[in-house]
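Asker: Could you look at this predicted model? Sequence included:
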Amino acid sequence: MLGALSGVGGMAFLFSEMIKYQAEDQVQSTLDGKVNAIASVTEAAETLAYGLGISATTLHERQAQFPDTYRELTLQLFERRPEFVVGLGVGQRENGLIVDQPWLFPYYWVASSENPTDSDQTIRYEDFADDTGEFYPESDRYKDYFLPQRTVWTEPYAQGNSQLLTYYFQLLSSDGRWLGTTLVDIDNRYLSNLLDNAVFRDMGHFILLTRSGKVVADPSNAENNLKTYEEIADLKDLWPDIDLSEQIGFLEGETGYWAYAQVPEHDWFVFGYVPYAAVFNRIALITTAAIALMVALLSIAIALAIRNLNRRLRPVLNQCNQLAETDSGLLAQWDRQDDLNQLSLAFFNMLERLNLNAETIRRHEQKIEKESLHSDQVSEQFEDLNQLLSQEAGQQQALVHDVQTLTERVIRGLESIDIQLDSLNTLGRSLDIEIKRLPAHSAETLSLLEQQVETLQNALEVGQPTHQIESLAAQIIKNVLTLRAHDQRWSLLDRLHHQTSNIAQAGQVASEESRNVVESVRSIEQMLTKIEQISTKLVRRSQSVSK
């Protein structure tokens with residue numbers, strides 16, 4: 001609720017500042033309108049005085065030397081005067097306008113009435129140059145405003161029941177010689193009527209002051225008895241802070257705002273007073289209504305929230321009661337506390353337990369951290385072992401591949417040996433057959449030799465031709481040589497037969513051993529394949545464990 005009130009207060013402050021600036025702009029705009037109205041009045045009065053002065057100077061330049069001429073001129077202009085002008089006159093210096101007459105001061109004015117705008121006011125005439133009444137060369141007016149030869153507005157002064165303002169305009173000839181002075185009197189009640197309006201939201205008032213602080217017009221005071229700013233409440237304290245060298249200004253007093261603006265080409269200032277109530281009453285009303293509505297809504301919301309909170313707190317309090325029954329220290333203080341204090345006691349008790357549990361958790365975390373560090377070290381060692389196993393597995397796989405290659409080469413070599421042994425066996429058997437056939441061949445050769453000998457013997461006995469006998473002898477010799485060769489090769493054939501028998505036996509043994517080697521190699525190959533599968537599974541398991 002305090003936060004909401006602060007928010008509403010902040011928004012009210014912002015709105016008040018916005019309205020303050022709006023009020024300042026509106027007051028300044030209204031003030032400018034009043035300044036223009038006052039300026040139009042003074043300008044009309046100055047124009048009338050200037051017209052009378054120019055007309056009188058023109059008559060003087062044209063050698064008009066009759067007093068009635070100047071009185072008639074003054075009367076005609078006065079009859080066409082603005083409604084706020086109550087007096088008009090022209091006074092010459094000694095022998096100024098009329099050379100043959102030392103003094104001349106025709107003056108027309110209207111009698112004072114309750115309504116300064118009444119057009120049926122009676123015009124009156126007075127000649128201040130005669131011996132009746134005021135003789136103007138001897139008056140303070142002549143000394144203060146004629147002789148100084150300057151154009152000026154007087155400060156307010158009392159004239160019967162009214163206060164008047166007078167404008168003096170100096171008459172100069174074409175050669176710059178002072179001829180006299182015209183004057184215009186205006187009733188400040190007209191100025192008061194111009195200023196008699198509210199400044200802002202039907203509140204506040206305007207005051208017309210001179211630079212010295214004298215009151216020119218004050219609509220708030222009907223009798224206009226105020227003389228200076230010192231008799232105006234709240235303005236007395238602000239006057240030292242007012243910088244009249246500035247044409248406009250805005251100040252904050254104790255009871256309201258003061259704005260001022262200078263009347264152009266005058267030492268008059270229009271002041272506008274706006275009470276704080278005119279600016280902030282509406283904000284205060286809106287803020288009060290908003291706060292009341294907010295308090296009502298927040299009260300309802302808080303009541304519903306408390307009701308909802310009580311409904312939600314009841315299960316918590318029940319659990320707290322059960323907790324208090326299990327804690328003797330808490331139970332001793334439980335019955336002397338209200339619901340919130342019971343909840344607070346239970347909360348801080350649980351907080352203490354949580355702190356103890358947190359301490360226990362912290363110790364366990366330290367142990368877990370140590371174990372984690374140890375497990376990291378083990379993991380690193382296992383990773384190294386895994387890498388070593390991977391390397392060994394790779395080497396084993398390379399070795400298995402080499403063994404398989406060598407086995408294939410051995411198998412191919414053994415297969416070629418089998419083929420060669422088969423060929424050797426076949427050759428041995430062929431040699432054995434040929435060796436067995438050699439005795440039969442030698443017998444045939446011997447038998448043929450015997451037949452050839454017998455034939456040769458018969459040929460010799462018969463006495464056949466010599467070339468046939470030589471041919472038979474050559475054949476016999478050839479067969480004899482063949483028998484001798486067979487006889488010489490017999491020992492070699494025996495040894496060859498013995499060697500071929502050994503070779504055949506050795507080939508059979510080598511064949512059997514090669515078959516055994518092949519079977520051993522194949523069993524080794526199967527074992528290496530199993531070893532490779534086992535190492536591959538081991539590597540995969542080590543990699544999965546390391547992940």
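Answerer: The structure has been received and is ready for your questions.
Asker: Is it correct that Q28 is in contact with F250?
Answerer: Yes: at 7.3 Å, Q28 counts as touching F250 under the criterion of C-beta atoms under 8 Å. Glycine gets a C-beta too; all of them are placed from N, C-alpha and C.
Asker: so what sits against both of these two?
Answerer: A259 (C-beta atoms under 8 Å, 6 or more residues apart in numbering).
Asker: Can I get stretch 262-274 in CSV, CA atoms only?
Answerer: The C-alpha coordinates for stretch 262-274 follow below in CSV (Å, rounded to 0.1, in the frame of the first residue of the first chain):
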residue,chain,number,x,y,z
GLN,A,262,6.2,45.4,-18.2
VAL,A,263,3.9,47.8,-20.1
PRO,A,264,5.8,48.7,-23.3
GLU,A,265,7.6,52.1,-23.2
HIS,A,266,6.4,52.7,-19.6
ASP,A,267,7.7,52.1,-16.1
TRP,A,268,4.5,50.3,-15.2
PHE,A,269,4.3,46.6,-14.5
VAL,A,270,1.2,44.4,-14.5
PHE,A,271,1.3,41.8,-11.8
GLY,A,272,-0.9,38.7,-11.8
TYR,A,273,-1.5,36.7,-8.6
VAL,A,274,-2.7,33.1,-8.7
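Asker: which parts of it are buried?
Answerer: 262-263, 266, 268-274 (16 or more other C-beta atoms under 10 Å).
Asker: Would you format the residues you listed as a markdown table with distance to R522, pLDDT and secondary structure included?
Answerer: Below are the buried residues of stretch 262-274 laid out as a markdown table (distance: C-beta to C-beta, whole Å; pLDDT from 0 to 100; DSSP: H, G, I helix; E, B strand; the rest coil):
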| residue | distance to R522 | pLDDT | secondary structure |
| --- | --- | --- | --- |
| Q262 | 128 | 92 | strand |
| V263 | 132 | 92 | coil |
| H266 | 135 | 87 | coil |
| W268 | 135 | 91 | strand |
| F269 | 130 | 93 | strand |
| V270 | 130 | 92 | strand |
| F271 | 128 | 92 | strand |
| G272 | 125 | 89 | strand |
| Y273 | 126 | 89 | strand |
| V274 | 121 | 87 | strand |
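Asker: Spell out which two among those residues are the most distant pair, please.
Answerer: H266 and V274 (23.5 Å; C-beta to C-beta).
Asker: mind checking how far the one helix or strand R141 maps to is from the chain centre?
Answerer: Element membership for R141 (DSSP states H and E) is helix 140-141. On the basis of C-alpha atoms, centre = their mean, to the nearest Å, helix 140-141 is displaced by 77 Å from the centre of the chain it belongs to.
Asker: neighbouring contacts of stretch 208-227?
Answerer: Under C-beta under 8 Å, 6+ apart, the answer for stretch 208-227 is 38, 155-156, 163, 165, 188-189, 191-196, 205-207, 228-230, 232, 239, 244, 267-271.
Asker: Report the buried members of those residues.
Answerer: Using 16+ other C-beta under 10 Å, the buried members of the contacts of stretch 208-227 are 38, 155-156, 163, 165, 188-189, 191-195, 205-207, 229, 232, 239, 268-271.
Asker: low-confidence ranges in the stretch 251-400 of the chain?
Answerer: Residue ranges of the stretch 251-400 of the chain with pLDDT under 70: 281-284, 312-351, 400.
Asker: Give the buried residues for stretch 86-98.
Answerer: Buried, per 16+ other C-beta under 10 Å, within stretch 86-98: 86-93, 96-98.
Asker: try stretch 148-156
Answerer: 153-156.
Asker: measure it end to end?
Answerer: End-to-end distance for stretch 148-156: 19 Å, by C-alpha to C-alpha, to the nearest Å.
Asker: and that stretch, what's its mean pLDDT?
Answerer: Mean pLDDT, computed over stretch 148-156, is 91.
Asker: what does stretch 215-223 give?
Answerer: 80.
Asker: again, but for stretch 426-439
Answerer: Stretch 426-439 comes out at a mean pLDDT of 61.
Asker: cool, and stretch 84-91?
Answerer: On average, stretch 84-91 scores 95.
Asker: bridging residues for the nearest residue to D241 once chain neighbours are set aside?
Answerer: For D241, ignoring the flanking residues on the chain, the nearest one in space by C-beta to C-beta, 6 or more residues apart in numbering is L251 at 6.4 Å. Going by DSSP bridges, L251 is paired in beta bridges with W258.
Asker: Tell me the spacing between L251 and Y260.
Answerer: Counting by C-beta to C-beta, to the nearest Å, the gap from L251 to Y260 is 8 Å.
Asker: overlap in contacts of these two?
Answerer: What both L251 and Y260 touch, as defined by C-beta under 8 Å, 6+ apart, is the set I242.
Asker: These two: which has the busier surroundings?
Answerer: Y260 (26 against 17; other C-beta atoms under 10 Å).
Asker: So which of the buried ones among the contacts of stretch 208-227 sit within strands?
Answerer: Per DSSP state E, strands hold the following members of the buried ones among the contacts of stretch 208-227: 163, 165, 205-207, 268-271.
Asker: Report the buried residues of stretch 54-72.
Answerer: Neighbour-count burial for stretch 54-72 [16+ other C-beta under 10 Å]: 55-57, 59-60, 64, 67, 69-71.
Asker: and it, how far out from the chain's middle?
Answerer: Centroid separation for stretch 54-72 versus its chain: 84 Å, with C-alpha atoms, centre = their mean.
Asker: Please apply the same query to stretch 147-158.
Answerer: Per C-alpha atoms, centre = their mean, the centroid offset for stretch 147-158 relative to its chain is 68 Å.
Asker: who's in contact with that stretch?
Answerer: Counting by C-beta under 8 Å, 6+ apart, 42, 145, 163-170, 178, 181, 188, 210, 212, 214-216, 266-268 sit against stretch 147-158.
Asker: just the buried members of the residues you listed?
Answerer: 42, 145, 163-170, 181, 188, 210, 215-216, 266, 268.
Asker: on that earlier part again, name every strand pairing with the very next helix or strand once past the helix holding R141 and say which way it goes.
Answerer: Counting by DSSP H and E, the element after helix 140-141 in chain order, helix or strand, is strand 152-153. If you go by DSSP bridges, strand 152-153 pairs up with strand 162-172 (antiparallel).
Asker: Could you list the alpha-carbon positions for the partner strand in PDB?
Answerer: Extracted C-alpha coordinates of strand 162-172, given in PDB (Å, rounded to 0.1, in the frame of the first residue of the first chain):
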ATOM      1  CA  SER A 162     -10.800  59.500  -7.500                       C
ATOM      2  CA  GLN A 163      -7.200  58.800  -8.300                       C
ATOM      3  CA  LEU A 164      -5.800  60.200 -11.500                       C
ATOM      4  CA  LEU A 165      -2.900  59.700 -13.800                       C
ATOM      5  CA  THR A 166      -1.600  62.600 -15.900                       C
ATOM      6  CA  TYR A 167       0.500  62.600 -19.100                       C
ATOM      7  CA  TYR A 168       2.500  65.700 -19.900                       C
ATOM      8  CA  PHE A 169       3.700  66.400 -23.500                       C
ATOM      9  CA  GLN A 170       6.100  69.300 -24.200                       C
ATOM     10  CA  LEU A 171       5.400  71.700 -27.100                       C
ATOM     11  CA  LEU A 172       8.400  72.800 -29.100                       C
END
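Asker: any idea of the mean pLDDT for it?
Answerer: The model assigns strand 162-172 a mean pLDDT of 92.
Asker: For it, what is the distance to the chain centroid?
Answerer: 69 Å.
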